[in-house]
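In: build the 3D model from these lines:
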Amino acid sequence: MQTLQQTFRIEDSDRKNSMLEIVSDKYARTILEITKDKPKSAIEITAETKIPISTVYRRIQTLHDNKLLATSGEINEEGKKFFLYKSKIKGMKCHFNDGQVEVELILNN
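Out: Predicted coordinates:
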């Protein structure tokens, strides 16, 4: 069975540059990959990837600011509020043709 992928083409050159810079960072890519299928807390991301917690929080902020990461809050059994993070994208396609860069995001439904 074939599934349709929703995509979003980025036209703004500053936004394209931001996206390319983000995916060039191995920690940002790892966070997007690990949160693609299931939302995770910063602590879970650190535990599963061994990325230092301070780095995880910095990358989460960058990804969230660039609208690549969704944030939701929950309250655990002890009444403590915590946040879960989920990737808004499944992937990215980049093409370089005739001096032009094309960037297309594959959305995570």
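
In: going forward, measure contacts between C-alpha atoms and count neighbours the same way
Out: Fine.

In: contacting residues around the helix or strand encompassing residue 44?
Out: Using DSSP states H and E, residue 44 falls within helix 42-49. With contacts defined as C-alpha atoms under 8 Å, 6 or more residues apart in numbering, helix 42-49 is touched by 30, 31, 34, 51, 52, 53, 56, 57, 83, 84, 85.

In: isn't residue 71 right up against residue 86?
Out: Yes. With contacts counted by C-alpha atoms under 8 Å, residue 71 reaches residue 86, the gap being 6.6 Å.

In: neighbour-wise, which of these two wins?
Out: residue 86 (24 against 15; other C-alpha atoms under 10 Å).

In: the more buried one reaches residue 70, doesn't it?
Out: Yes. The pair residue 86 and residue 70 passes the contact test of C-alpha under 8 Å, sitting 5.2 Å apart.

In: now the helix holding residue 44: mean pLDDT?
Out: For helix 42-49, the mean pLDDT works out to 97.

In: which helices and strands does the helix or strand just after it pack with?
Out: Using DSSP H and E, the helix or strand that follows helix 42-49 towards the C-terminus is helix 53-65. Packing partners of helix 53-65 (3 or more C-alpha pairs under 8 Å, 6 or more residues apart in numbering; DSSP states H and E): helix 26-34, helix 42-49, strand 69-75.

In: where in the protein is pLDDT low?
Out: 1-4 (pLDDT under 70).

In: switch to 90 and redo it
Out: The chain contains residues with pLDDT under 90 at 1-5, 73-82, 99, 109.

In: any idea which residue sits dead centre in it?
Out: Taking C-alpha atoms, centre = their mean, the centroid of the chain lies closest to residue 32, which sits 3.7 Å from it.

In: what's that one in contact with, if anything?
Out: 69, 86, 87, 89.
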